[in-house]
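Participant: Sequence and computational prediction follow.
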Amino acid sequence: MILLHETYLVREGGLDDFEGAYWEGVVPSLREMEGVRPLWLLRQRTGIEGEVVLALTAIRSGAELGNYIDWTAGQGGTVWRLLARRLTRDYHRKALMSAPWSPLHEWSELDGLAEALAPRTDVADGTPRIFMEDTGWPYTDVSDYVEFQRREYWEPLQKWATSGALLKLWGFFLVLHGTGRRPEAVFLQEVLDNRALENLIGEPEVYDPDTFPGSYMVQGLTYRDQWRSRLLVASNGPAPSP
Amino acid sequence: MLILQEVNRVKGASVAAFEKLTQQWWEEVKPMGVTPAWFFEVSHGTGPSYRVVTGVRILDWSTWEILARAMAYGELAATSERLDATRYDSESTLLEVRAVSGVGKWATGDTHAPDEPGLWVLRSFVDIASPGHAEPPEGSAIALHGCAGSLRDQTVVLSREKPGAVLDLLTDRTGRSVSGRSPSSAESSTSTWVLRAAAWSPLQ
């Protein structure tokens, strides 16, 4: 399975319009395409890059990615192209593939995740569904980096999951050749305890190298020292009709 | 047909190793239906140092998936990592070939090597109204549409030009023109790369 990763840098003040346009102008077309399934639309209103929207779409195969590309460049995508041009400053399109040990590796997994992937409707209390995306650039062999993430992050997270994890790892991906920078890897995680974020962003990063996540942070310097973390809020779908 | 183009930031002391490994990688991917398209260096005086632009031809999107999967987690990962050791990083893009002119049988895998000297000029621009619909190329030229990566949704024209015409272009002199100028409907400024083919590049 391929995860299409499209980042839109939205013009200031245009985030809500963009979000609405995406749900109304793109998602219905994607849902009609064979082997294409929109997963999440994530947004960041305030951050280093300004207003940002990240559209994540599952695509079953390379051939079906080609169909999607044809749609975006063809007559079917004309309205969306013009609208996106008006509302955005720039955008990027990458194709990702998850590691063999990671979730979101096989297309067949999506059926079992339908409920978890659906836009949440229980947000009346204003609690946002928050995702954290980490993009890293290793300076060692990519395969060693992938193995490090399995051994020192994915496996400890699975142990934590049984005793109240703070994060759910939705996937660990490499950027596929032909679609962006190499070497580059992406973590997509969902924050399960929003209050814990206060500790994450508010406390100094002093890690005990003998415990997780300290051991992970210290060992990680063997593989990379540059990464970017973004907090993104899940869009809950089109606004209800008046 | 697709072209996978990669702009490599090569380590200066590793240029020879990068060239050797690229040719080795080309041999390894041939059984997949992936064949070499070009190997260019950015011409001196026109851009950054040790920036190498490589391209391979890919039959279709299914072939690309096989290649990409093998490079990420499969049998081509080791060669990719040896290449990584000779460069700081690379930026790649997938381009769909829309039209070809005056390059002999290059499109079917042969080398195109004219007798007279020439440079390749790669121009890219955004044409929202008609993405990928470049003017039909004249002379020796290839029109492409960016599908993903660094040139996504851009119209790209690669044309072979005489060095004098390239110099006129770069120094804003009129009287001579190069192919692939952006149409009047283009909505963003163009990017122009001047490229010199390696002796063993399929596109000379």
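Facilitator: Sure, I can see it. Note that the coordinates shown come from a computational prediction; the quantities given were computed from them, not determined experimentally.
Participant: So in terms of bridging, what pairs with B:Phe125?
Facilitator: Counting by DSSP bridges, B:Phe125 is bridged to B:Thr155.
Participant: my read: B:Gly12 touches B:Val52, true?
Facilitator: No - applying CB atoms under 8 Å as the test, B:Gly12 and B:Val52 come out as separate, 11.3 Å apart. All C-beta spots, glycine's among them, are computed from the backbone N, C-alpha and C.
Participant: more crowded one of those two?
Facilitator: For B:Gly12 versus B:Val52, the count of surrounding residues by other CB atoms under 10 Å in any protein chain shown is larger for B:Val52: 22 against 7.
Participant: burial measure for A:Glu34, as a count.
Facilitator: For A:Glu34, the count of nearby residues is 9 (other CB under 10 Å).
Participant: cool, B:Ala16 as well?
Facilitator: Neighbours of B:Ala16 under the rule other CB under 10 Å: 9.
Participant: What are the boundaries of the helices in chain B?
Facilitator: B:15-29, B:61-73, B:77-84, B:163-170 (DSSP state H).
Participant: Check which helices and strands the helix or strand bottoming out on mean pLDDT in chain B sits against.
Facilitator: Within chain B, no helix or strand scores below helix B:163-170, which has a mean of 88 by mean pLDDT, DSSP states H and E. If you count contacts as 3 or more CB pairs under 8 Å, 6 or more residues apart in numbering or on different chains; DSSP states H and E, helix B:163-170 packs onto strand B:119-125, strand B:191-197.
Participant: Deepest in the core, which of these is it.
Facilitator: Per-stretch averages of neighbours, counted by mean count of other CB atoms under 10 Å in any protein chain shown, single out strand B:119-125 among the helices and strands packed on helix B:163-170, with a mean of 22.
Participant: so what secondary structure elements neighbour that one?
Facilitator: strand B:155-161, helix B:163-170, strand B:191-197.
Participant: Low-confidence regions, chain A specifically.
Facilitator: Residue ranges of chain A with pLDDT under 70: A:119-126, A:204, A:239-242.
Participant: beta partners for A:Val36?
Facilitator: A:Ile59.
Participant: Same question for B:Gly55.
Facilitator: Judged by DSSP bridges, the bridge partners of B:Gly55 are B:Gln5, B:Trp38.
Participant: quick one, helices of chain A?
Facilitator: Along chain A, the stretches classed as helices by DSSP H are A:15-25, A:27-32, A:62-73, A:78-87, A:109-112, A:114-117, A:142-149, A:155-161, A:196-202, A:214-220.
Participant: Dihedrals phi and psi, B:Gln154?
Facilitator: phi -100, psi 150 (degrees, to the nearest 10).
Participant: which residues sit in contact with it?
Facilitator: Applying CB atoms under 8 Å, 6 or more residues apart in numbering or on different chains, we find B:Gln154 in contact with B:Ser124, B:Phe125, B:Val126, B:Pro131, B:His145, B:Gly146.
Participant: Pick out the lowest-pLDDT one from these.
Facilitator: In terms of pLDDT, the weakest of these is B:Pro131, which scores 67.
Participant: what about A:Thr127, how many neighbours?
Facilitator: For A:Thr127, the neighbour count with other CB under 10 Å is 10.
Participant: and it, what does it touch?
Facilitator: A:Thr127 makes contact with A:Asn194, according to CB under 8 Å, 6+ apart.
Participant: where's B:Ile142 relative to B:Trp106, distance?
Facilitator: Applying CB to CB, to the nearest Å, one obtains 8 Å for the distance of B:Ile142 from B:Trp106.
Participant: Sorry, wrong one. I was asking about A:Arg182.
Facilitator: For A:Arg182, the distance to B:Trp106 (CB to CB) stands at 26 Å.
Participant: Could you check which of these two is surrounded by more residues?
Facilitator: With neighbours defined as other CB under 10 Å, A:Arg182 and B:Trp106 compare such that A:Arg182 has more, 25 against 20.
Participant: biggest strand in chain B, by residue count?
Facilitator: Using DSSP state E, we find that the single longest strand of chain B is strand B:87-101.
Participant: What is it packed up against?
Facilitator: strand A:181-182, strand B:2-10, strand B:141-149.
Participant: and the closest residue to B:Thr22 other than its chain neighbours, how many residues sit next to it?
Facilitator: Distances taken as CB to CB, 6 or more residues apart in numbering or on different chains put B:Thr54 closest to B:Thr22, at 6.0 Å, once the chain neighbours are dropped. Summarising burial for B:Thr54: neighbours were counted as other CB under 10 Å, giving 24.
Participant: A:Ala63 now?
Facilitator: Neighbours of A:Ala63 under the rule other CB under 10 Å: 16.
Participant: picking that back up, mind checking which of the helices and strands packed on strand B:87-101 is nearest B:Glu27?
Facilitator: Closest approach to B:Glu27 among those is made by strand B:2-10 (16.1 Å; CB to CB).
Participant: which residues of chain B score low on pLDDT?
Facilitator: B:128-136, B:174-189.
Participant: Can you name the residue of it nearest chain A?
Facilitator: Nearest residue of chain B to chain A, counting by CB to the nearest CB: B:Glu65, 2.7 Å away.
Participant: and the gap between A:Asp141 and chain B?
Facilitator: For A:Asp141, the distance to chain B equals 4 Å [CB to the nearest CB, to the nearest Å].
Participant: can you pull the contacts of the closest residue to that residue other than its chain neighbours?
Facilitator: For A:Asp141, ignoring the flanking residues on the chain, the nearest one in space by CB to CB, 6+ apart is B:Glu81 at 4.5 Å. By CB under 8 Å, 6+ apart, the contact set of B:Glu81 is A:Asp141, A:Val142, A:Ser143.
Participant: Looking at those, state which has the most neighbours.
Facilitator: A:Val142 (21 neighbours).
Participant: I'd say it and B:Ala78 touch.
Facilitator: No - with contact defined as CB under 8 Å, A:Val142 does not reach B:Ala78; the gap is 10.1 Å.
Participant: tell me which parts of chain A are close to chain B?
Facilitator: Applying CB under 8 Å from any CB of the partner chain, we find that chain A lies next to chain B at A:2, A:61-63, A:65-66, A:69, A:72-73, A:81-82, A:85, A:91-95, A:97, A:99-100, A:137, A:141-143, A:146, A:174, A:176-183.
Participant: Of those, select the buried ones using a ChimeraX command.
Facilitator: Of the residues of chain A next to chain B, the buried ones go into a single ChimeraX selection, burial set by 16 or more other CB atoms under 10 Å in any protein chain shown:
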select /A:2,61,62,63,65,66,69,72,73,81,91,92,93,94,95,97,99,137,141,142,143,146,174,176,177,178,179,180,181,182,183
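Participant: Having no further points to raise, I will conclude here.
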